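Undergrad: Could you look at this predicted model? Sequence included:
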Amino acid sequence: MNNIILGIESSCDDTSAAIIKNGILLSDVIGVQEVHQIYGGVVPELASREHQKNIIPVVERAIKLANVKKEDINAIAFTIGPGLMGSLLVGTSFVKGLALSLNVPLIKVNHLEAHILSVFLKERDFKYQFPKFPFLSMLVSGGHTQIVKVNSFFEMKILGETIDDAAGEAFDKCGKIMGLNYPSGPVIDKLSKKGNPKSFKFSKPKVKDLNFSFSGLKTSFLYSLRDKVKENSNFIKENKNDLCASLQNTIIEILMEKLEKAVKKTGITEVTIAGGVSANFQLRQELLKKGRNENWNVFLPLRKYSTDNAAMIAISGYYKFLDKRDFVSQSVVPNARLKI
Ligand code: KG4
Ligand code: ZN
């Protein structure tokens, strides 16, 4: 029998639907909401309104691209949290109606765990190299920065996390200080390639164990720019590439130091990354280099599945469907503050 899973993601500002058949991704459609750009961040009220507009066409397109029939779908996996309550509610109410009309089970998926499981996505039917359990995953997104021990598809444990801002927030907030568009992570990634990472020094936090902190870096970045701009009003414009490269390098040093500590502490050398910031070119290069030098087995999810998408929800749903777990009833409600 075929297993066809429809995955739906609506936790923040991307409306996305994907189809996975027998563990292979057939389609992944993302409706990106551009309305937020001019506000320099996601506006929750606008996000839920956009989800309402996008969700039907996005789902229809994912089904069409996958070339499957609606009636052949075996289960619907959806993001139950964490995220923005209004956005999660649009997705949850939509999947309830669809599951009822197709008479298929609903499977709840934790958005953060799904980011981690994105490393198991397969686009074709051939043997892929996947991490072996237990492995370490560094989840770096706009809302989270965590090092997680992944014992199985369903059991994960946080070993350390940020005590304030997430790594993605550091990119976005410092980008805003430089007048870059939101989200600034991809912009800084691109501009850094033309800059010198040693041009400027910003303070690095001293945080215990496997925890992170990024709010001090943002303040250090803000103050050093403020002083330089007083002397030269064109300072940011004239040094943009070097500023981006130095900032990015500092964020990556902070991340890599903790990841190295986690490997030493646990003795686990199967290592992967996940979440929006894991699309970052330099972070990926550093991790591969570390893998070669220290004999780690490094697994990088495809870049296009680093940021929010429904493919990761569908693959999580696929493994849950096989294991018959996390089926939920029509009375299910989203949890905006869900944790791993
Ligand atoms: O996982 P994600 O799409 O959404 C959640 O937060 O769940 O992550 C979004 C974050 C944003 O902060 C964005 O600036 C950052 O990921 N990001 C990047 C890159 N692409 C996205 N940061 C650095 N380099 C990138 N290439
Ligand atoms: Zn995310």
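TA: Arrived safely. Ligands and ions are numbered 1, 2, ... in the order given.
Undergrad: Leaving out chain neighbours, which residue sits closest to the residue of the stretch 101-250 of the chain found nearest ligand 2?
TA: Per C-beta to the ion, residue 141 is where the stretch 101-250 of the chain lies closest to ligand 2, at 4.6 Å. Just so you know, the C-beta spots here come from the backbone N, C-alpha and C atoms, and that holds for glycine as well. Counting by C-beta to C-beta, 6 or more residues apart in numbering, residue 141 lies nearest to residue 275, which is 3.3 Å off, once chain neighbours are set aside.
Undergrad: cool, residue 179 as well?
TA: Closest residue to residue 179 in three dimensions, ignoring its sequence neighbours and counting by C-beta to C-beta, 6+ apart: residue 236, at 6.9 Å.
Undergrad: and what of residue 211?
TA: If you skip the residues right next to it in sequence, residue 211 has residue 160 as its closest partner in space, 4.8 Å away by C-beta to C-beta, 6+ apart.
Undergrad: Would it be right to say that the one you found lies in a helix?
TA: No - looking at residue 160 with DSSP: H, G, I helix; E, B strand; the rest coil, it is strand, so not inside a helix.
Undergrad: how far away is the residue nearest to residue 179 from residue 282?
TA: With distances taken as C-beta to C-beta, to the nearest Å, residue 236 is found 21 Å from residue 282.
Undergrad: quick one: the residue nearest to residue 211 and residue 212 touch, right?
TA: Yes - counting by C-beta atoms under 8 Å, residue 160 touches residue 212, with 7.0 Å between them.
Undergrad: more neighbours, these two?
TA: For residue 160 versus residue 212, neighbours defined as other C-beta atoms under 10 Å are more numerous around residue 212 (25 against 21).
Undergrad: Could you give the bridge partners of that one?
TA: For residue 212, the residues forming beta bridges with it (DSSP bridges) are residue 162.
Undergrad: Return the residues of the stretch 201-340 of the chain in contact with ligand 1.
TA: Along the stretch 201-340 of the chain, the residues adjacent to ligand 1 under the rule C-beta under 6 Å from any ligand atom are 275-277, 279-280, 307-308.
Undergrad: for ligand 2, what are the nearby residues on the stretch 51-200 of the chain?
TA: residue 141 (C-beta under 5 Å from the ion).
Undergrad: Under the pLDDT cut-off, which ranges of the stretch 51-200 of the chain? List them.
TA: Along the stretch 51-200 of the chain, no part satisfies pLDDT under 70.
Undergrad: how about the residues of it that lie near ligand 1?
TA: Of all the residues in the stretch 51-200 of the chain, those in contact range of ligand 1 (C-beta under 6 Å from any ligand atom) are 141-143, 168, 171-172, 183-186, 189.
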